[in-house]
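Asks: sequence and predicted structure, then a few things I'm wondering about:
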Amino acid sequence: TEQMAADIRAAANSNNPPEALIVTIPSDSVKAAVSDAIESGLPVFGMYKGYEYYEELEMQGFIAMDQQEAGAAAGKRFNGIKGTTAKAAYVTPVITDEDFDAKRLEGLRSEIDNVEEIEKSSMITMFKDCP
């Protein structure tokens, strides 16, 4: 995340800065860089992580979702396609956030009776019909 913070500062201090930044805030160093960018007058929008800093930093906007609700919504969709007795595998991504993953899995399990958690080297969280 130190490189990300450096990249944010470089963009904000560039001779040709972007018109706005869209960032996630996974660490204190990135939060500090975002604060510096906002203080320089650069509009910053957030997404995914860092919503708790939205008002404090006076960000322009923030896009996020409740991971438990997302899991439940995916589970409902799975049930609509495969039925409530089908087996589902939840494949965790390589880049993971334990709290987000736990909430997403809890949401899935609230809708699907038979969910198996599998850790794989995958950049994408997916559902798969398992035999």
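Replies: Everything's here; your move.

Asks: where's stretch 41-49 relative to the chain centroid, distance-wise?
Replies: 14 Å (CA atoms, centre = their mean, to the nearest Å).

Asks: cool, stretch 28-44 as well?
Replies: Worked out by CA atoms, centre = their mean, stretch 28-44 lies 19 Å from the chain centre.

Asks: what are the buried residues along the lengthiest helix in the chain?
Replies: Longest helix of the chain, by residue count under DSSP state H: helix 67-82. Going by neighbour count (16 or more other CB atoms under 10 Å), the buried part of helix 67-82 is 67-68, 70-72, 74-75, 78-79. Any C-beta I mention is one placed from the backbone N, CA and C, and that applies to glycine too.

Asks: over to stretch 107-114?
Replies: 107-109, 111-112.

Asks: okay, and which of these map to helices?
Replies: 107-109.

Asks: grab the most central residue of this protein for me.
Replies: Tyr48 (3.7 Å; CA atoms, centre = their mean).

Asks: what sits against the spatially closest residue to that residue that is not a sequence neighbour?
Replies: Sequence neighbours aside, Thr24 is the residue nearest to Tyr48 in space, at 4.3 Å (criterion: CB to CB, 6 or more residues apart in numbering). The contact partners of Thr24, taken as CB atoms under 8 Å, 6 or more residues apart in numbering, are 30, 46-50.
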